[in-house]
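Q: model the following, please.
(one chain, ligands or ions: 1)
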Amino acid sequence: MEKNYNKYLISICILSFVYASAQDLPRKIPKGLIFGAATSSYQVEGAWDADGKTQSILDYLYQNSLEQITDGSNGNVATNSYYLYERDVEMMRELGLDFYRFSLSWPRLLPYNYSERINPAGVNYYNNLMDEMLKYGIEPVVTLYHWDLPLELAQQGGWTNPQIVDWFSDFARTAFELFGDRVKYWITLNEPQVFCYYRHPGDDIYKCMKNSLLAHAKAYHIYDEEFRPTHNGAIFISLSTEFYEPVNSQDAEAAEDATNYHWGVFTNPIFSKDGDFPASMKEKLAAKSAKQGLSSSKLPDMSPEEIDFIKGTSDFFGINHYTTKYVYRNESENDYEVPSFYDDLGVQMYQPDSCQIGYSYLVCSVPWGFYKLLTKIREEFDNPPIFITENGFSTHGGLDDQDRIEYYKTYLCAMLDAIDEGSDVRAYTAWSLMDNFEWARGYIDRFGLYEVDYESEELTRTPRASAFMYQNVLRTRSIICGT
Ligand code: BGC
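A: Sure, this is the predicted structure:
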């Protein structure tokens, strides 16, 4: 009896050892999957009025304290990348990045919004940055629009004015002409739901959403017809894709609504077989509008021509992903302003208790949500090629960022799980290369693989522990998942 028991104990020990080692075995990164890091113009460039640049809506709002910024700061100087781009490229090399995602400042390139009046200093800056990157084999991934709309266009209604479709596509064409020989990845818009919501939280948000879709699609067609034949690059959109988990099975519809209002409103028109806005969103908003005494739905109609024009206009399913929220519906808890986007959506959301919370409210580490998101995209959109354009974690500074390492590790492993099951993930981008101006959280919340010392005149950049971890993943093309 005792002998058998010992045998039993030994086999348990062996099994646990085998299991633990299997968990700790490095997992291979699939061939062809490329890695990068990202920033955006307003968050890093500084030089807000240098060399002929005019004001963007962001310069105006933040300089005049019209937005609530926790530390009262703005992006006038930011990380000064307009002048320090060589150091930025050096950091990309240190990390071993395949690509760097950055955005073009529209008012730096076209200060007067006419494509005939290009600002040579702006062109020069982006040429220098790209050429420096390409010298070391780092591919530019260029976002055309990361929220810094020229002020003059904002004053004319910005994204709610249908003329934005032409304004944006003229700007896009200018960028393709100037840089298309070197840029193989173009992103039209970064997170239209987010910029539409922040500028137009009421009923106008839906006009903004539709105009964004048309502007994106027009830029896509221009590239596709006039530039792709010679430049042979890809063009796509980047959407903010939180994952929404129903609290109970009866909340499945609430979770689906949350998904639709935040990103299905773009992915359905672009990636689904039939195009157009999601049917349930159309129905719900038509009913809500009638109830509020509007003569037509606040969600504009799309004509058959518009549906066709938008459908299929993204070479990748571009996703920015940070976190997951639980969702449920309880009419009596709704205390959103009326009318407002969140009143229309009418669901309650909260973050899982168990998550390791980042310092920004945005980031609460839920790697299983990332896995579920990638699976949902694979299953619902016929396995499109996915470009992860942002993923990252915030702290309040410090070089020994073990919490960020844990976040990256678990999210990368969740991504590998989805890939093993067939998800077609082609690229992964860490947000961010370095600390930068984090919108309402100013310079308090820090997302950088590199820490920026804002007290130093040189805005010194120093790699954090997470930078070494990321470098190691890229160099060894493997990651240890386990516990
Ligand atoms: C935005 C970035 C931002 C990041 C972290 C994303 O939604 O595209 O500009 O810094 O989230 O908040």
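
Q: please count neighbours and contacts with C-alpha atoms only from this point.
A: Noted.

Q: just give the closest residue to the residue most central in space within the chain, not the sequence neighbours.
A: By Cα atoms, centre = their mean, the chain has its centre lying nearest to Asn320, at 3.0 Å. Of all residues not flanking Asn320 in the chain, Glu390 sits nearest, at 4.3 Å (Cα to Cα, 6 or more residues apart in numbering).

Q: so the one you found makes contact with Leu433?
A: No - applying Cα atoms under 8 Å, one finds Glu390 not in contact with Leu433, separated by 10.8 Å.

Q: find the residues that touch each one of these two.
A: Common contacts of Glu390 and Leu433 (Cα atoms under 8 Å, 6 or more residues apart in numbering): 37-38.

Q: doesn't Asp276 make contact with Gly264?
A: No - counting by Cα under 8 Å, Asp276 is not a contact partner of Gly264; they are 10.2 Å apart.

Q: list residues touching both of these two?
A: Residues touching both Gly264 and Asp276 (Cα under 8 Å, 6+ apart): none.

Q: which one of these two is surrounded by more residues?
A: Asp276 (24 against 21; other Cα atoms under 10 Å).

Q: find the nearest non-adjacent residue to the more buried one, please.
A: Leaving aside its chain neighbours, Asp276 sits nearest to Pro269 (4.3 Å; criterion: Cα to Cα, 6+ apart).

Q: that neighbour: neighbour count?
A: For Pro269, using other Cα under 10 Å, the count is 25.

Q: same check on Lys31?
A: Counted by other Cα under 10 Å, the residues lying close to Lys31 total 8.

Q: so what's Lys53 up against?
A: 107-111, 119, 122.

Q: still on that earlier bit, now do the residue nearest to the centre of the chain against Leu189, distance only.
A: According to Cα to Cα, to the nearest Å, Asn320 and Leu189 sit 12 Å apart.

Q: cool, and Tyr145?
A: Distance from Tyr145 to Leu189, by Cα to Cα: 5 Å.

Q: out of the contacts of Lys53, which sit inside strands?
A: Using DSSP state E, the subset of the contacts of Lys53 located in strands is empty.

Q: which among these count as buried?
A: 107-111, 119, 122 (16 or more other Cα atoms under 10 Å).

Q: where does this structure have low pLDDT?
A: For the chain, the stretches with pLDDT under 70 are 1-23, 354-362, 483.

Q: which residue ranges of the stretch 151-300 of the chain form helices?
A: For the stretch 151-300 of the chain, the helices defined by DSSP state H, counting those that start in this stretch occupy 151-155, 164-179, 192-199, 205-222, 228-231, 252-259, 265-271, 279-291.

Q: now do the longest one: which elements does it pack against?
A: On a contact count with 3 or more Cα pairs under 8 Å, 6 or more residues apart in numbering; DSSP states H and E, helix 205-222 meets helix 164-179, strand 185-190, helix 192-199, strand 234-240, helix 265-271, helix 304-310.

Q: send the alpha carbons of that helix over as CSV?
A: The C-alpha coordinates for helix 205-222 follow below in CSV (Å, rounded to 0.1, in the frame of the first residue of the first chain):
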residue,chain,number,x,y,z
ILE,A,205,-21.6,62.0,-33.3
TYR,A,206,-23.4,59.9,-35.9
LYS,A,207,-22.8,62.5,-38.6
CYS,A,208,-19.2,62.5,-37.7
MET,A,209,-19.1,58.7,-37.8
LYS,A,210,-20.6,58.6,-41.3
ASN,A,211,-18.3,61.3,-42.6
SER,A,212,-15.3,59.5,-41.2
LEU,A,213,-16.3,56.4,-43.0
LEU,A,214,-16.8,58.2,-46.3
ALA,A,215,-13.5,60.1,-45.9
HIS,A,216,-11.6,56.9,-45.0
ALA,A,217,-13.2,55.2,-48.1
LYS,A,218,-12.3,58.0,-50.4
ALA,A,219,-8.7,58.0,-49.3
TYR,A,220,-8.6,54.2,-49.7
HIS,A,221,-10.0,54.5,-53.3
ILE,A,222,-7.5,57.2,-54.2
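
Q: that helix vs helix 192-199, what angle?
A: Helix 205-222 runs at 140 degrees relative to helix 192-199, counting by axes from the mean of the first three to the mean of the last three Cα atoms, to 10 degrees.

Q: distance from the chain centre to helix 205-222, please.
A: 17 Å (Cα atoms, centre = their mean, to the nearest Å).
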